[in-house]
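>>> fold the following for me, if possible:
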Amino acid sequence: MRPPAADAPVLDDEDLPPVVTTRRPRRAKPLRIVVASVVTVAAIAFLVSKGLGSATVYFKTADEAVAERADLGSRRFRIQGTVQVGTVRQDEGRLLFTILGDRGAVVPVVHTGGQPTGLFKESIPVVLEGRWAEGTDAFSSDTIIVKHSEDYRVDNPARVDDYAPAPPAPSS
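Presented below is the predicted three-dimensional model:
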């Protein structure tokens, strides 16, 4: 090898082009992939079975529930109907009444979940949660959900701070 000429330029690291190296990406180990997949599937199964439990309660109108009684069996579901006038009574700590469907279904109800709110009364729509009682035509309820109306605002406008009369309907 010959020594460099005296007038040859001196190259240092800054003058050299960058060196590019490539590495092969590390491959994930199959065991890690299997473990991660099993944990993910287990978490999803847990959320579906436990975490979403209340979201999987079926909702049926009284007419649908009567028509599908055999299919519903002893499964828990929600039923909606209107409390029939003259049927509400107490009996040995239970609340007994009948709900009516929009198309004529009549469903006797045995409620054992405590006293409903003050909004519960005859001729109002209710949603009941429970199941068909075994050996009878009755619905066994442990939860009553009462939908309130807007009559309070109309009947008591002074008691509602943000009450404002509804704007007039647009004329055509």
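
>>> which elements pack onto the helix or strand hosting residue 131?
Under the assignment given by DSSP states H and E, the secondary-structure element containing residue 131 is strand 125-132. When contacts are defined as 3 or more Cβ pairs under 8 Å, 6 or more residues apart in numbering; DSSP states H and E, strand 125-132 packs onto helix 69-72, strand 77-83, strand 139-146. (Glycine included, C-beta is placed from N, CA and C.)

>>> go again with 6 Å.
strand 77-83, strand 139-146 (3 or more Cβ pairs under 6 Å, 6 or more residues apart in numbering; DSSP states H and E).

>>> what's in contact with the helix or strand just after the shortest one?
Once strand 77-83 ends, the next helix or strand along the chain (criterion: DSSP H and E) is strand 89-91. When contacts are defined by Cβ atoms under 6 Å, 6 or more residues apart in numbering, strand 89-91 is touched by residues residue 96.

>>> rounded mean pLDDT for strand 89-91, please.
Averaging the model's pLDDT scores along strand 89-91 yields 89.

>>> next: stretch 134-149.
Stretch 134-149 shows a mean pLDDT of 85 in the predicted model.

>>> for that stretch, buried residues please.
Residues of stretch 134-149 classed as buried by neighbour count (16 or more other Cβ atoms under 10 Å): 138, 139, 140, 141, 144, 146.

>>> likewise for stretch 76-96?
77, 78, 79, 80, 81, 82, 83, 84, 88, 95.

>>> show me where pLDDT drops low in this structure?
Judged against pLDDT under 70, the low-scoring parts of the chain cover residues 1-6, 8-16, 28, 50-58, 147-172.

>>> again, 90 this time
1-34, 43-59, 71-75, 90-93, 113-123, 134-137, 145-172 (pLDDT under 90).

>>> would you map the helices across it?
Secondary structure of the chain (DSSP state H): helices located at 30-46, 62-67, 69-72, 151-155.
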